[in-house]
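>>> Show me the folded form of this:
(chains A and B)
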2 protein chains.
Amino acid sequence: MKRILVIGAAGMIGRKLVARLKKDGAGELLQQDVVPFEGGIVSDLSSPGEAEKLLAKRPELIFHLAAVVSGEAEADFEKGYRVNLDGTRYLFEAIRKANYKPKVVFTSSIAVFGAPFPDAIGDEFLNAPLTSYGTQKAISELLLSDYSRRGFFDGIGIRLPTICVRPGKPNKAASGFFSGILREPLAGQEAILPVADTVRHWFASPRAAVEFLIHASKLDTEKLGARRNLSMPGIAATIAEEIEALRRVAGEQAVRLIKRVPDPAIMRIVDGWPRNFDARRALELGFRPDPSFDDIIRYHIADEPSKS
Amino acid sequence: MKRILVIGAAGMIGRKLVARLKKDGAGELLQQDVVPFEGGIVSDLSSPGEAEKLLAKRPELIFHLAAVVSGEAEADFEKGYRVNLDGTRYLFEAIRKANYKPKVVFTSSIAVFGAPFPDAIGDEFLNAPLTSYGTQKAISELLLSDYSRRGFFDGIGIRLPTICVRPGKPNKAASGFFSGILREPLAGQEAILPVADTVRHWFASPRAAVEFLIHASKLDTEKLGARRNLSMPGIAATIAEEIEALRRVAGEQAVRLIKRVPDPAIMRIVDGWPRNFDARRALELGFRPDPSFDDIIRYHIADEPSKS
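Now for the predicted structure:
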């Protein structure tokens, strides 16, 4: 039976991925996170020696989702580099030294890109991140490509759009309001909108994100050539379009719960973020975006019934 | 008096840069290399704690030229990452912790790019290196940008074209033949040409490289914005054009010393290398290429009289 290691399994995407892998009967699951959780291996990937332990059973497929989020990596420089860079490098080094060749699916981020941008970011646009988080992801992508090229493992990096609607409590990601202005009103609560209605961004639902991971794990990486990292297809939507979708799905009373409180600090951060992509390679390789922003909201209502 | 630290001062470019800085009376020079040399500090930047020692006098300007070359970084995976990545990161971390803000000029390489390429590589083309050396340089560039953005130092990375004519003995760089087919014939010796005459590549003389470094050290980095790494302007020339220039400058008897011995392994490596650039940003910022390939050869004859 195939062994599958999920690193960062207690995170939002990690939990949904594990549920999906279980449902599919995909294999024997090894779940790791730094946060204690039921059925999981609790360890800190950024401590030397821990990655080796995770490979003791030689999992053939490894999902590496563990990361400190953007806001925290910006606030705590050393922690961001330790977890997002050193942790990833320890994992890759442990695989190299274990001397077998698993498939590795790594979750990167559109934060590897930084302004100024073209109208749509294509597959050949440079990585010039404007955050430490984006820098750490871009470096991890480079390592993944080089380790794959050298034959140490068979890697693929997928740059997730901003996940929307992110369930649960807000986390430290500066992008939190993109979900907040939908999630909170759907639960009958007020939400703060700190940026202008004209701000455009790039989104995927948690369902789409899990599909990307599953599809990446099954993809024949021969098709990738040497470029192992891909921008995933998302939906480009403005804040105004988000709000219109909310109105269509949940009505005017939901929209009324959005409070506009402009925040210059968040505006400045968001100004450096990608707005739109031409994710041609990923589309050609069979990755699929959400059908519409309305569906993104409907998925949230269906998947998180207690919160809406 | 300004203190200037040159890391990798015993290398080919390092020695020429130091000579130029001395001639200009640029400041108090601190010279470091891992190789023992006269007047130099001998230390291994990739050993923890060594970078800190180099900063004891708080040099206001730091040139970081130290690197394991491409062939060696490919042959010795661990050494390449230790010297080219860890060494650079130790330096950047030491500066961050020393809590002052020097100017840092880092020599990167066009090896950060990998095929397939457009006709000319522009300033927004992605870094997708096809060697471990290129990967290590690309990662160092990302770190340099992030440390500069965070205000830990004032960094600029310059991607040097392939240096031609490289004086002295061949080193382990796979690009060695580009110089060899000129340098050896100019010294009355046979040279091996392992690739086709149609191969195009991107060149700068040692003189141009030193000028790039000096210009970078004086450049107001405000003009760079967040993108701190620049492809330097070079001369795009095919092997045939190199040979024609040799014929014009040194005559038919020099050209006759070039022996064609195709090497599929070197051909394969070179196929993944950049051929031509549109180095617009660097040109706008005042960096200047060599006037012509003929001049590249003439500079070599003038600067290395004992060898030609």
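>>> mind checking how far A:Tyr147 is from B:Ala282?
31 Å (Cβ to Cβ, to the nearest Å). Glycine gets a C-beta too; all of them are placed from N, C-alpha and C.
>>> What of A:Pro289?
Taking Cβ to Cβ, one finds A:Pro289 at 38 Å from B:Ala282.
>>> And A:Ala265, by the same measure?
Per Cβ to Cβ, A:Ala265 is found 33 Å from B:Ala282.
>>> For the nearest residue to A:Val255 once chain neighbours are set aside, which three-state class applies?
Closest residue to A:Val255 apart from its sequence neighbours, by Cβ to Cβ, 6 or more residues apart in numbering or on different chains: A:Arg247 at 5.0 Å. For A:Arg247, the assignment made with DSSP: H, G, I helix; E, B strand; the rest coil gives helix.
>>> A:Arg247 touches A:Gln253, doesn't it?
No: using Cβ atoms under 8 Å, A:Arg247 is not in contact with A:Gln253; the gap is 9.7 Å.
>>> Looking at the two, which is more packed in?
Set A:Arg247 next to A:Gln253 and count neighbours by other Cβ atoms under 10 Å in any protein chain shown: A:Arg247 wins out with 14 against 10.
>>> host element of the residue in the stretch 151-300 of chain A positioned nearest to chain B?
Closest to chain B within the stretch 151-300 of chain A is A:Arg227: 5.2 Å, counting by Cβ to the nearest Cβ. For A:Arg227, there is no enclosing helix or strand under DSSP states H and E.
>>> could you list every residue that touches it?
Applying Cβ atoms under 8 Å, 6 or more residues apart in numbering or on different chains to A:Arg227 gives the contacts A:123, A:145, A:281, B:128.
>>> Pull the number of nearby residues for the second one.
Taking other Cβ under 10 Å as the neighbour definition, A:Ser145 ends up with a count of 25.
>>> ok so, going back, measure the residue nearest to A:Val255 to B:Val68 for me?
Applying Cβ to Cβ to A:Arg247 and B:Val68 gives a distance of 59 Å.
>>> same thing with A:Ala191?
Between A:Ala191 and B:Val68 the computed distance is 53 Å (Cβ to Cβ).
>>> Name the residue in the two with the higher neighbour count.
Shown here are A:Ala191 and B:Val68; by other Cβ under 10 Å, B:Val68 has more neighbours (23 against 19).
>>> can I assume the more buried one is in contact with B:Glu78?
No: counting by Cβ under 8 Å, B:Val68 sits too far from B:Glu78 to count as a contact (10.5 Å).
>>> Residues of the stretch 201-308 of chain A that sit close to chain B?
Counting by Cβ under 8 Å from any Cβ of the partner chain, the residues of the stretch 201-308 of chain A lying close to chain B are A:226-227.
>>> State the phi and psi torsions of the nearest residue to A:Glu50 once chain neighbours are set aside.
Sequence neighbours aside, A:Ser43 is the residue nearest to A:Glu50 in space, at 4.6 Å (criterion: Cβ to Cβ, 6+ apart). When read as degrees, to the nearest 10, the backbone of A:Ser43 gives phi -160, psi 160.
>>> okay, now A:Ser43: neighbour count?
Applying other Cβ under 10 Å, we find 16 residues neighbouring A:Ser43.
>>> gap between it and chain B?
24 Å (Cβ to the nearest Cβ, to the nearest Å).
>>> How about the contacts made by that residue?
A:32, A:34, A:50, A:53-54.
>>> can you rerun that using 7 Å?
A:Ser43 is in contact with A:32, A:34, A:50, A:53, counting by Cβ atoms under 7 Å, 6 or more residues apart in numbering or on different chains.
>>> Could you identify the most distant pair in those residues?
Taking Cβ to Cβ, the two most distant members of those are A:Val34 and A:Lys53; they sit 13.5 Å apart.
>>> Between those two, point out the one with more neighbours.
Between A:Val34 and A:Lys53, counted using other Cβ under 10 Å, the more crowded position is A:Val34 (21 against 12).
>>> was I right about that one contacting A:Ile41?
No: contact criterion Cβ atoms under 7 Å: A:Val34 and A:Ile41 do not qualify, at 10.2 Å.
>>> mind listing the strands for the stretch 101-250 of chain A?
A:103-109, A:154-160, A:162-163, A:191-193, A:200-204, A:229-231, A:235-238 (DSSP state E, counting those that start in this stretch).
>>> Adjacent strands (with direction) for the fourth one?
Strand A:191-193 sits in its sheet next to strand A:258-260 (parallel), going by DSSP bridges.
>>> Contacts only, for A:Thr88.
For A:Thr88, the contact set (Cβ under 7 Å, 6+ apart) comprises A:64, A:140, A:143.
>>> Would you tell me which one of those comes nearest to chain B?
Each of the contacts of A:Thr88 was checked against chain B using Cβ to the nearest Cβ; the closest is A:Leu143, at 7.2 Å.
>>> What count of nearby residues applies to A:Pro48?
11.
>>> ok so, going back, next, format the contacts of A:Arg227 as JSON lines and append pLDDT.
As requested, those are exported to JSON lines (pLDDT from 0 to 100):
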{"residue": "A:Asp123", "pLDDT": "97"}
{"residue": "A:Ser145", "pLDDT": "98"}
{"residue": "A:Arg281", "pLDDT": "98"}
{"residue": "B:Ala128", "pLDDT": "97"}
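>>> From those residues, pick the one nearest A:Val195.
For the contacts of A:Arg227, the nearest to A:Val195 is A:Asp123 (27.6 Å; Cβ to Cβ).
>>> Does the nearest residue to that closest one once chain neighbours are set aside belong to a helix, a strand or coil?
Excluding its sequence neighbours, the residue lying closest to A:Asp123 (Cβ to Cβ, 6+ apart) is A:Arg281, at 4.6 Å. Using three-state DSSP, the structure places A:Arg281 in helix.
>>> is it true that A:Arg281 touches A:Arg228?
No: using Cβ under 7 Å, A:Arg281 makes no contact with A:Arg228, being 11.1 Å away.
>>> okay, the two: which has more neighbours?
Taking other Cβ under 10 Å, A:Arg281 and A:Arg228 do not tie; A:Arg228 has more neighbours (23 against 19).
>>> Dump the helix or strand of chain A with the lowest mean pLDDT to PDB, restricted to CA.
Ranking every helix and strand in chain A by mean pLDDT, DSSP states H and E puts helix A:264-271 at the bottom, with a mean of 88. Only the C-alpha atoms of helix A:264-271 are listed here, as PDB (Å, rounded to 0.1, in the frame of the first residue of the first chain):
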ATOM      1  CA  PRO A 264      -3.400  52.600   4.700                       C
ATOM      2  CA  ALA A 265      -1.000  50.000   6.000                       C
ATOM      3  CA  ILE A 266      -3.000  47.100   4.500                       C
ATOM      4  CA  MET A 267      -3.600  49.100   1.300                       C
ATOM      5  CA  ARG A 268       0.200  49.500   0.900                       C
ATOM      6  CA  ILE A 269       0.800  45.800   1.300                       C
ATOM      7  CA  VAL A 270      -2.000  44.800  -1.100                       C
ATOM      8  CA  ASP A 271      -0.800  47.300  -3.700                       C
END
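>>> Give the buried residues for that helix.
Neighbour-count burial for helix A:264-271, with 16 or more other Cβ atoms under 10 Å in any protein chain shown as criterion, is recorded at A:266, A:269-270.
>>> helices or strands next to it in the packing?
Using 3 or more Cβ pairs under 7 Å, 6 or more residues apart in numbering or on different chains; DSSP states H and E as the contact test, no helix or strand touches helix A:264-271.
>>> Return the member of the contacts of A:Ser43 nearest to A:Phe177.
Distance to A:Phe177 across the contacts of A:Ser43 (Cβ to Cβ) is lowest for A:Val34, with 26.0 Å.
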